[in-house]
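Visitor: Sequence and predicted model, in that order:
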Amino acid sequence: MTTRLTGPKARARIIAATVALIEELGVAGATVTRVMEQAGVSRTAFYRHFSDLYDVMGLVLQEVGAEILQQSGDWLNDRQSIGSPDVVYSNLLHYAQAYAPHGRLLAALSDAATADPRVHQLWRDGVVQAYMDATTAAIERDQAVGAIRADLDARAVSYALTMMGERASYDFLGRHPRGDPEDYARMLAPVWIGTLFGQVPAGATANLLPTRT
């Protein structure tokens with residue numbers, strides 16, 4: 001029997017049901033009918049809040065993308081923060097820790113994005129573009145004060161690093177068994193450091209990383 005929910009409670013139930021179904025069945029398995037049944041809302045209630053499932057997915061991706069970026073460290077969020085090799089690992093770790101709880105959802109949406117242009121655009125706008133723009137701004141800010149190599153094309157480098165990180169996140173943090181965020185940061189830190197700050201001295205990244213037992 002459908003519960004007659006209205007207002008914010010119905011909206012929240014619809015969002016939660018959509019996320020749960022995508023994580024379990026993929027985007028193709030998350031139909032409006034299944035969302036209604038799992039959320040316990042009527043079709044009228046669904047369409048009162050959302051035009052279709054793409055509308056729900058777009059909202060979810062915007063919220064998740066904003067959360068991941070906000071938790072990714074000061075270098076990307078504080079306009080007064082200046083980058084250096086010794087903050088790269090910390091920023092990547094914070095990113096991975098924020099991404100991991102949403103890994104299954106983001107992996108399912110990324111899978112769907114390869115065949116569905118609308119999902120691809122939602123994924124790009126909600127998760128990738130804001131992170132890429134923040135990285136570009138951080139690189140340009142640091143180039144202006146001489147902290148990062150001046151010969152780099154900030155936007156091109158940001159694109160390459162962001163897309164590399166997204167693919168690594170998808171494979172390492174969005175699949176079962178899920179990888180460790182520390183391992184994710186450890187793997188990518190030398191690439192970021194080498195790209196942004198020049199050749200990494202031997203043993204430099206090892207000094208930045210926690211000892212694992």
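Guide: On my side now, so go ahead.

Visitor: Tell me where this protein has helices.
Guide: For the chain, applying DSSP state H gives helices covering 7-25, 32-39, 43-49, 53-70, 74-77, 85-99, 103-113, 117-123, 129-144, 154-173, 181-197.

Visitor: ok, S169 touching L105?
Guide: No: S169 lies out of contact with L105 (Cβ atoms under 8 Å); the separation is 12.0 Å. Glycine gets a C-beta too; all of them are placed from N, C-alpha and C.

Visitor: Please parse the protein into its domains.
Guide: Listed domain ranges for the chain are 7-49, 53-207 (source: automatic domain parsing).

Visitor: okay, these in TSV with mean pLDDT next?
Guide: Formatted as TSV, these follow (pLDDT from 0 to 100):
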stretch	mean pLDDT
domain 7-49	93
domain 53-207	91
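
Visitor: With mean neighbour count as added columns, please give these in CSV.
Guide: As requested, the domains of the chain are arranged in CSV below (neighbours: other Cβ atoms under 10 Å):
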stretch, mean neighbour count
domain 7-49, 17
domain 53-207, 17
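
Visitor: so who does the closest residue in space to W192 that isn't next to it in sequence touch?
Guide: Excluding the flanking residues, the one nearest W192 by Cβ to Cβ, 6 or more residues apart in numbering is V88, at 4.9 Å. Applying Cβ atoms under 8 Å, 6 or more residues apart in numbering, we find V88 in contact with A189, W192, I193, L196, L208.

Visitor: which residue sits closest to A20, ignoring its sequence neighbours?
Guide: Distances taken as Cβ to Cβ, 6+ apart place Q38 nearest to A20, at 6.6 Å, with adjacent residues excluded.

Visitor: I'd say that neighbour and V19 touch.
Guide: No: Q38 sits out of contact with V19 when judged by Cβ under 8 Å, with a separation of 10.3 Å.

Visitor: Find the pair from the contacts of V88 with maximum spatial separation.
Guide: Using Cβ to Cβ, the contacts of V88 span at most 13.8 Å, a distance reached by L196 and L208.

Visitor: ok, S169 - contacts?
Guide: Each residue near S169 by Cβ under 8 Å, 6+ apart is listed here: Y95, A96, Y99, G103, L106, Y184.

Visitor: Once you drop chain neighbours, what's closest to the second one?
Guide: Just to be clear, that refers to A96. Nearest residue to A96 in three dimensions, chain neighbours excluded: P181, at 3.5 Å (Cβ to Cβ, 6+ apart).

Visitor: Grab the nearest non-local neighbour of L173.
Guide: G103 (4.3 Å).

Visitor: Could I get the contacting residues of that neighbour?
Guide: Applying Cβ under 8 Å, 6+ apart to G103 gives the contacts S169, L173, G174, R175, R178.

Visitor: Kindly recompute the last result at 10 Å.
Guide: Residues near G103 by Cβ atoms under 10 Å, 6 or more residues apart in numbering: E23, A96, S169, Y170, F172, L173, G174, R175, H176, R178, G179.

Visitor: Show me the two of these that sit farthest apart.
Guide: Spanning the widest gap among the contacts of G103 are E23 and A96, at 18.6 Å by Cβ to Cβ.
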